[in-house]
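Participant: Quick one, what's the 3D model for this:
(chains A and B)
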Amino acid sequence: MLQVIGLTTYFFSFARTRIVKAVDNVSFEVYPGDRLALIGESGCGKSTVAASLLRVLPPSGETVSGKVLFEGEDLLQKSNQEMTQVRGKKIAMILQDPMMSLDPVFTIGEQIGETLERHTGLRGDALMQRVKELLLAVRIPEPERRIRQWPHEMSGGMRQRIVGSIAMSCEPKLLICDEATTNLDVTIQLQYLNLLKDLQKHTGVTLIFITHNLGIVAELCEYVIVMYAGKIVERAPVMDVFDSPAHPYTKALLDAAFGLQDMRKRKPIPGEPPNLAHLPPGCSFHPRCEYADDQCRKEEPPEVALGTARSAKCWHPVKG
Amino acid sequence: MEQNEFDYLLRVQNLKMHFPVKAGIIFDHVVGWVKALDGVDLTIQPGQVVGLVGESGSGKTTLAKVLLLLEKPTEGEVLFHGKGIHSLDDAELKRYRRTLQAVFQDPFASLSPRLRIQEIITEPLRVSSSLGKKELEDKAVEALHVVGLDTGLRRVYPHELSGGQRQRVAIARAISTESKIIILDEPTSALDVSVRLQIVHLLMDLQKNLKLSYLLIGHDLAMVAYMSTEIAVMYLGKIVEFGETKELLQNTAHPYTQALIAASLPDHPRLKREREVISGEIASPLNVPPGCRFHPRCPKKKPACAELEPSLMAVGKNHWVACHPEEAGT
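Facilitator: Below you'll find the model as predicted:
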């Protein structure tokens, strides 16, 4: 359904003398009905992947090579005009901060209606009827009253559900959730994740979760892609990732995560995330890796297949 | 006054912080009260790490602000060596400020961009003591060393440091006065996931080696449980459950704490389970529900819960809960 081939996005600064390789030769596939997780820490390039797919990069960013095949067409070759038919209609996105995604000077009803008006033939009463249905679908009671309210009258959880209803309004094929629940309280977060699961059950929408929270991955994802310093370092089905992480970085992330079910002493990852403008030679993770040797310091490791649907970009994958 | 006279470092008694809500432009009048804190009792003893958890709007940060003398409470007292912190004289106030320090969430906002690291670390000392230049520098070097930073960094400005390094500087500042209590307000939330645990372990080591006490404010129950010896659960301006970490997690008594634990995400996909999510959202502190403030969302509510406000009662050794017992409602 979605095939990303060799996606490479750079950010340029200081009159193109400084290059930040935010996404470097990233390839992956998404199948209909998937629940894919794209994980990694801030600055690893996971959000830039999403922005590159939808072609909404900031002005300093540029996708320098690669293909994004969606339903057989390369999104990177489309004109801006054609892209407006994809964004919001076929691929929708939910961002972290619902305060920023909603416009404070339009009512809830107008904001949900805007997307529908652009992409469907609905107008007038039929439009408002559909808006109310959408609000009920994201479990917001009394839609009649809500459509006349403003974003500031809602709580954070409710705002994020409204963003969800806008995203789902045109029944997209693919929904990208970029840290969609990070700002929510735990009880509200679980309500929201359950809501997304239900929406998928009813509409069959494919979900990509971009997150650093391993709990969300464990709770509802099926397949996991781990990114570090702009590259994919591991990909595997969710059970394999948690049972036997192959890349030392994945293993280190799991060892460092807090858990209520496992209260043993955790193991921190040494060092700090690398500067994307000055990446270390060889494997980007080697300065922080406990298994690193001379080869890791000099040569960049290839992505090696480890059984079906599994691979790791490492010279010395951890044995399960 | 002798240090050992009191077995606590800080005692919070029936603390209330109500903010007025005003209407009108010239002749403004109070139309309501936001009850951010509504009767909080809490004691911090030497060596304790008290975790304070609760949803946004539960009053965690307001409590920290009152302790830091940034807000004057409407009612109640915070006792420090037997004296209310809002009636300390100048000398006592200096001592209080030296004893109590804080580390905040965002190290990009909490360090002044115009000061060098050394000035940042020694600023609380400059204010509260009469140390000379050389002694201040020694203190800065020592503090940097303790938090695991290169001592050469004392000459740079904060923008040259990463988030993790900045948070270490904030911690160095907090321990430079030989403080006894540090308020940690979401100390790792703004950091990269791979750096968080480094900071948590640093804080835990310092706590042990320097015999500090912490008031740890956090919304991530797993992180708070990892660090704390005691946990206090807050809901709408009140502590609804308090207990030793292990006891509280094993014999969770309050339905709200149970809901928080149930809503936390699994460590492993195999551990995930179907569970009831409590419905609704935290009520506005402008409009605190009568009776038990949690009853509109409580899955176990009884008729009595809507009328009578439960107070904290012991349910185990050093384990307190504010919830009507089963039989009371029937």
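Participant: Next one: residue A:130 from chain B, what distance?
Facilitator: Separation of residue A:130 from chain B (C-beta to the nearest C-beta, to the nearest Å) stands at 26 Å. Quick note: C-beta positions are derived from backbone N, CA and C, even for glycine.
Participant: Give the burial count for that residue, as a bare number.
Facilitator: The local packing of residue A:130 (other C-beta atoms under 10 Å in any protein chain shown) involves 16 other residues.
Participant: Residue B:283 too?
Facilitator: 16.
Participant: what about it, is that helix, strand or coil?
Facilitator: coil (DSSP: H, G, I helix; E, B strand; the rest coil).
Participant: That one against residue B:293, yeah?
Facilitator: Yes - the pair residue B:283 and residue B:293 qualifies as a contact (C-beta atoms under 8 Å) at a distance of 7.1 Å.
Participant: Could you tell me which residues touch both of these two?
Facilitator: Shared contacts of residue B:283 and residue B:293 (C-beta atoms under 8 Å, 6 or more residues apart in numbering or on different chains): residue B:236.
Participant: Quick one: neighbours of residue 259, just the number.
Facilitator: All of this refers to chain A. Residue A:259, neighbours per other C-beta under 10 Å, totals 22.
Participant: hmm, I had chain B in mind actually
Facilitator: 22.
Participant: Which residue is the nearest non-sequential neighbour of it?
Facilitator: Distances taken as C-beta to C-beta, 6 or more residues apart in numbering or on different chains put residue B:278 closest to residue B:259, at 4.3 Å, once the chain neighbours are dropped.
Participant: elements contacting the one helix or strand residue B:122 maps to?
Facilitator: Assigned by DSSP states H and E, residue B:122 belongs to helix B:117-128. Applying 3 or more C-beta pairs under 8 Å, 6 or more residues apart in numbering or on different chains; DSSP states H and E, one finds that helix B:117-128 makes contact with helix B:90-99, helix B:133-146, helix B:163-175.
Participant: Name the surrounding residues that touch that helix.
Facilitator: B:94-95, B:97-98, B:101, B:111-112, B:115, B:131, B:136-137, B:139-140, B:143-144, B:153-158, B:161, B:169, B:172-173, B:176-177.
Participant: Next: stretch A:93-108.
Facilitator: By C-beta under 8 Å, 6+ apart, stretch A:93-108 touches A:50, A:54, A:111, A:114, A:135, A:146-152, A:154, A:156, A:159-160, A:162-164, A:167, A:175-180, A:182-183.
Participant: Please go through the residues you listed and note which also touch chain B.
Facilitator: Applying C-beta under 8 Å from any C-beta of the partner chain to the contacts of stretch A:93-108, one finds that residue A:156 fall near chain B.
Participant: Give me the subset of the contacts of stretch A:93-108 lying in strands.
Facilitator: Cross-referencing the contacts of stretch A:93-108 against strands under DSSP state E gives A:175-178.
Participant: Count the residues that sit near residue 97.
Facilitator: I went with chain A, as the question did not name one. By other C-beta under 10 Å, the residues close to residue A:97 number 15.
Participant: The intended chain is chain B.
Facilitator: Residue B:97: 18 neighbours (other C-beta under 10 Å).
Participant: same question, residue B:194
Facilitator: If we define neighbours as other C-beta under 10 Å, then residue B:194 has 25 of them.
Participant: Counting residues, what is the longest helix that the chain contains?
Facilitator: Just going to use chain A. helix A:186-203 (DSSP state H).
Participant: my bad, chain B
Facilitator: helix B:193-209.
Participant: Could you list the low-pLDDT ranges of the stretch 1-150 of chain B?
Facilitator: B:1-5 (pLDDT under 70).
Participant: same thing but 50
Facilitator: Across the stretch 1-150 of chain B, the ranges flagged by pLDDT under 50 are B:1-3.
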